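Novice: next come a sequence and a model predicted from it.
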Amino acid sequence: MQRPTTPVEQTDPQVGLAVSTVIFTLRADDGFGATDPAPGIWLPLVRRIREPYDGLWALPGGPLGAAESLADAASSTLETTTSLRPRYLEQLYAFGDLDRSPAERVVSIVYWALVGSDEAKRTRLGQNVRWFPADALPPLAFDHRDIVEYALWRLRNKLEYSHIAHAFLGETFTLSELREVHEAVLQKQLDPANFRRQVESSGLVLQTDELRTGGRHRPARLYRWTQPVNRPETPSPGRSTSRRPTTSTPTTTREQSEEPA
């Protein structure tokens, strides 16, 4: 028995394929929407300048080129729109609901990336590229709010059993800084003494002989991870991660989301 066709199949048999990225960092409120001065999870969004959803914010993304890998596409879009080249880039999920794009059928392969605060400060910002706190997002195009919520759920779950927090920190860090990451991701306060015991008994960190000095508090012991954290996926060797020549001045074309959905 032949399977009945859907309206989408009857009018347009083509299916678009896009790649987009959710990129998280840890930062404090700088006056752009967060209500808590404590560090939280933020992400960059790109304002769309064409239909559908002209004027709404969206995740950085674009169509998949015929000659590029998924990881290449994710990396090049991020560098082109925000100038970021995250150390941690991992494929998250595929989103392909029939009605996720009003113009055409589009399946999006979504990546998620993590960057440290210092790297996030080097983001190329402009009228159409801005950081937002994850708990105070504006209306988003397509199903991008669902994508962000799924990425946050994945981040919280992975934090419990891996050393993914490394991506938010430097090579060395204090236990207070590590606890700050966990509190921001999990959105709850953690008891410092219990957290210290759990971390030190986990085997994931190693105490060093160095101290963090220069702050308002007494010097704090620095720790490092016992194993290096590598990016799960990287662009193909020898390939440029830029889709188009870059200039010193961001253009409107570069700042818009290229992703159809």
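Specialist: Yep, it's here. Numbering: from 1, shown residues only.

Novice: where exactly do the helices run in the stretch 151-261 of the chain?
Specialist: Assignment of helices within the stretch 151-261 of the chain using DSSP state H, counting those that start in this stretch yields the ranges 175-186, 192-202, 252-255.

Novice: quick check: buried residues in stretch 169-183?
Specialist: 169, 173-175, 177-183 (16 or more other Cβ atoms under 10 Å). (Glycine included, C-beta is placed from N, CA and C.)

Novice: meant to ask about stretch 188-197, not that
Specialist: Neighbour-count burial for stretch 188-197 flags residue 195 (criterion: 16+ other Cβ under 10 Å).

Novice: I'd like the numbering to begin with 11 instead of 1 from here.
Specialist: Will do, 11 is the new start, and the previous item becomes stretch 198-207.

Novice: what about it, how long is it end to end?
Specialist: This stretch, stretch 198-207, spans 18 Å end to end (Cα to Cα, to the nearest Å).

Novice: tell me which residues are up against it.
Specialist: When contacts are defined by Cβ atoms under 8 Å, 6 or more residues apart in numbering, stretch 198-207 is touched by residues 185-186, 189, 192-193.

Novice: correct me if wrong: residue 66 contacts residue 150.
Specialist: Yes: counting by Cβ atoms under 8 Å, residue 66 does reach residue 150; the two are 6.4 Å apart.

Novice: more neighbours: which of these two?
Specialist: The residue with more neighbours, out of residue 66 and residue 150, is residue 150; 19 against 16, by other Cβ atoms under 10 Å.

Novice: partner residues bridging the more buried one?
Specialist: residue 67 (DSSP bridges).

Novice: could you tell me the model confidence score at it?
Specialist: For residue 150, the pLDDT comes out at 98.

Novice: do residue 14 as well
Specialist: Note for residue 14: predicted pLDDT of 59.

Novice: just to revisit the earlier point, which one of the helices of the stretch 161-271 of the chain lies closest to residue 140?
Specialist: Nearest to residue 140, of all these, is helix 262-265, at 9.8 Å by Cβ to Cβ.

Novice: wait, residue 127 touches residue 34, no?
Specialist: No: with contact defined as Cβ under 8 Å, residue 127 does not reach residue 34; the gap is 11.1 Å.

Novice: neighbour count: those two, which is higher?
Specialist: The neighbour comparison of residue 127 against residue 34 (other Cβ under 10 Å) goes to residue 34, with 25 against 15.

Novice: and whichever strand or helix holds that one, what does it pack onto?
Specialist: Residue 34 is part of strand 26-37, with elements assigned from DSSP states H and E. Helices and strands touching strand 26-37, by 3 or more Cβ pairs under 8 Å, 6 or more residues apart in numbering; DSSP states H and E, are strand 50-57, strand 71-73, helix 80-92, strand 116-124, helix 127-130, helix 154-169, helix 185-196.

Novice: just put the ones you listed in a markdown table and tack on mean pLDDT.
Specialist: Listed next are those as a markdown table, based on pLDDT from 0 to 100:
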| stretch | mean pLDDT |
| --- | --- |
| strand 50-57 | 95 |
| strand 71-73 | 92 |
| helix 80-92 | 91 |
| strand 116-124 | 95 |
| helix 127-130 | 86 |
| helix 154-169 | 95 |
| helix 185-196 | 94 |
